[in-house]
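In: Okay, predicted coordinates and the sequence, questions at the end:
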Amino acid sequence: MFTDSNEIRERILALKKEKNAVILAHYYQIPQIQDIADYIGDSLNLAQKAKETQADIIMFCGVHFMGETAKILNPNKKVIIPDMNASCSLADSCPYDDFKLFKEQHPNHTVISYINCSAQIKTLSDIICTSGNAVQIVNSLPKDEKIIFAPDKNLGGYINRITGRDMLLWNGSCEVHELLTAEHVLKMKQQNPDAIMVAHPECNPAVLELADFVGSTQAMIKYIASSKSRRFLVATESGITHKLQQDNPDKEFIIVTQNESCACNDCRHMKLNTMEKVLDTLEKESNEIILSEDLILQAEKPINRMLDISKQLGIIK
Ligand code: 13P
Ligand code: SF4
């Protein structure tokens with residue numbers, strides 16, 4: 001039993017080497033986990049890394065659907081996650097049977113699903129997208145193509161507005177982004193009149209309307225790095241500030257919160273992962289993601305289609 005945080009860190013790093021494991025971590029993970037990861041990224045970067053890795057074990061520090069995606073892209077590797085209960089309100093808002101019925105009720109539609117969905121929903125999809133490529137994926141289809149977009153109504157609505165499309169939207173949302181209100185954003189803007197506001201497209205339309213820049217986690221990081229402004233209101237999950245502070249020590253970041261009673265905007269699912277759990281899982285090689293061969297075969301098609309289109313368009317290398 002290790003009690004010292006340095007000891008835990010050292011033990012994880014040693015085990016990683018010993019077992020030829022790679023640690024992939026989403027930007028929403030706690031700073032200590034981001035600091036031991038081999039790759040930190042948003043959903044698109046991490047899906048690509050999961051496909052390319054030569055490691056025997058993938059330790060995916062994110063939420064369950066991300067572990068599933070890594071397994072689908074790398075079925076011969078052992079994929080483990082720190083906590084099996086790390087789900088996602090967005091993925092959970094789209095149950096398989098309900099979505100299958102919705103799809104049957106709207107035949108002749110191409111189904112584009114945001115990567116934040118279960119492996120089962122991926123099998124009902126034609127193309128997967130992430131917030132980092134969603135607009136380009138939609139624009140790669142003919143203007144008159146009938147599209148169902150699932151499960152995030154906010155990202156789907158944002159794409160409809162900027163592409164002029166009329167995609168049918170599944171009524172799902174991310175609890176972390178959806179609950180931010182324009183009312184509170186306006187208050188924060190009044191308190192910080194010099195700050196530039198960036199927002200993730202999972203936020204509701206009224207909040208997005210107030211943002212100076214809307215983009216995926218990676219896009220916001222890039223935008224802030226190249227901006228001459230010094231203060232930023234950041235409407236997304238708090239974990240992003242670790243990377244932002246590292247990259248921009250001279251800039252200040254204020255996380256947009258749901259109200260005055262807290263100073264952060266944490267995803268309770270992402271934050272289930274701790275260093276202790278990473279160590280325990282890696283030691284025991286427990287919490288393995290197991291998916292049937294058939295499910296993997298069906299779910300990998302729309303993800304590979306996304307990766308192929310993203311490469312063709314130069315979004316990823
Ligand atoms: P991205 O990583 O695609 O920006 O998505 C944010 C998110 O909510 C992940 O769960
Ligand atoms: Fe899901 Fe939202 Fe948490 Fe991302 S931030 S894992 S979309 S609940």
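Out: Arrived safely, thanks for sending. Numbers count the residues shown, from 1 in each chain. Ligands and ions are numbered 1, 2, ... in the order given.
In: Any part of stretch 256-264 near ligand 2?
Out: No - between stretch 256-264 and ligand 2, judged by CB under 6 Å from any ligand atom, nothing touches; the nearest distance is 12.6 Å. Quick note: C-beta positions are derived from backbone N, CA and C, even for glycine.
In: List the buried residues in that stretch.
Out: For stretch 256-264, burial by neighbour count (16 or more other CB atoms under 10 Å) applies to 256, 257.
In: Span of it from start to end?
Out: Across its full length, stretch 256-264 reaches 7 Å between end residues, using CA to CA, to the nearest Å.
In: just stretch 146-166 next, same as before
Out: Start-to-end span of stretch 146-166 (CA to CA) is 8 Å.
In: Which residue ranges of the stretch 201-317 of the chain form strands?
Out: 213-214, 231-235, 252-255 (DSSP state E, counting those that start in this stretch).
In: what about the second one, near ligand 1?
Out: No - between strand 231-235 and ligand 1, judged by CB under 6 Å from any ligand atom, nothing touches; the nearest distance is 12.1 Å.
In: just the strands in the stretch 1-150 of the chain please.
Out: With DSSP E, counting those that start in this stretch as the criterion, the stretch 1-150 of the chain has strands spanning 21-26, 39-41, 57-61, 78-80, 110-114, 127-129, 147-150.
In: among the strands of the stretch 201-317 of the chain, which is the most enclosed?
Out: Among the strands of the stretch 201-317 of the chain, ranked by average contacts under mean count of other CB atoms under 10 Å, first place goes to strand 231-235 (a mean of 21).
In: Note down every partner strand of that one and its orientation.
Out: Take DSSP bridges as the rule and strand 231-235 pairs in its sheet with strand 196-199 (parallel), strand 252-255 (parallel).
In: what about that strand, average pLDDT?
Out: Averaging pLDDT along strand 231-235 gives 98.
In: In contact with the spatially most central residue of the chain: list those residues for me.
Out: Closest to where the C-alpha atoms of the chain average out (CA atoms, centre = their mean) is residue 43, at 4.2 Å. Contact partners of residue 43, counting by CB atoms under 8 Å, 6 or more residues apart in numbering, are 26, 66, 69, 115, 116, 130, 131, 132, 216, 217.
In: how much space between residue 19 and ligand 1?
Out: Going from residue 19 to ligand 1 by CB to the nearest ligand atom, to the nearest Å gives 27 Å.
In: Ramachandran coordinates for that residue?
Out: For residue 19, the backbone dihedrals (degrees, to the nearest 10) come out as phi -100, psi 0.
In: Just give the closest residue to residue 283, not the sequence neighbours.
Out: Nearest residue to residue 283, sequence neighbours excluded (CB to CB, 6 or more residues apart in numbering): residue 15, at 6.3 Å.
In: wait, isn't the one you found in contact with residue 281?
Out: No - judged on CB atoms under 8 Å, residue 15 makes no contact with residue 281 at a distance of 10.0 Å.
In: With neighbour numbers in mind, choose between the two.
Out: The residue with more neighbours, out of residue 15 and residue 281, is residue 281; 22 against 17, by other CB atoms under 10 Å.
In: Okay, the more buried one and residue 299: tell me how far apart.
Out: 23 Å (CB to CB, to the nearest Å).
In: ditto for residue 108
Out: 22 Å.
In: which one of these two has more residues nearby?
Out: residue 299 (26 against 6).
In: for the closest residue to the more buried one other than its chain neighbours, what are its contacts?
Out: In space, residue 299 comes closest to residue 122 once its chain neighbours are excluded; the distance is 3.9 Å by CB to CB, 6+ apart. Residue 122 makes contact with 69, 72, 113, 128, 298, 299, 302, 303 under the criterion CB under 8 Å, 6+ apart.
In: one more time with 7 Å, if that's ok
Out: 113, 128, 299, 302, 303 (CB atoms under 7 Å, 6 or more residues apart in numbering).
In: among the residues you listed, who's most crowded?
Out: Most surrounded of the contacts of residue 122: other CB under 10 Å gives residue 128, at 32 neighbours.
In: interface residues of the stretch 101-250 of the chain facing ligand 2?
Out: Going by CB under 6 Å from any ligand atom, the residues of the stretch 101-250 of the chain near ligand 2 are 116, 174, 175, 176, 237.
In: Relative to residue 140, which of the residues you listed is nearest.
Out: Lowest distance from residue 140 to these (CB to CB) belongs to residue 116, with 20.1 Å.
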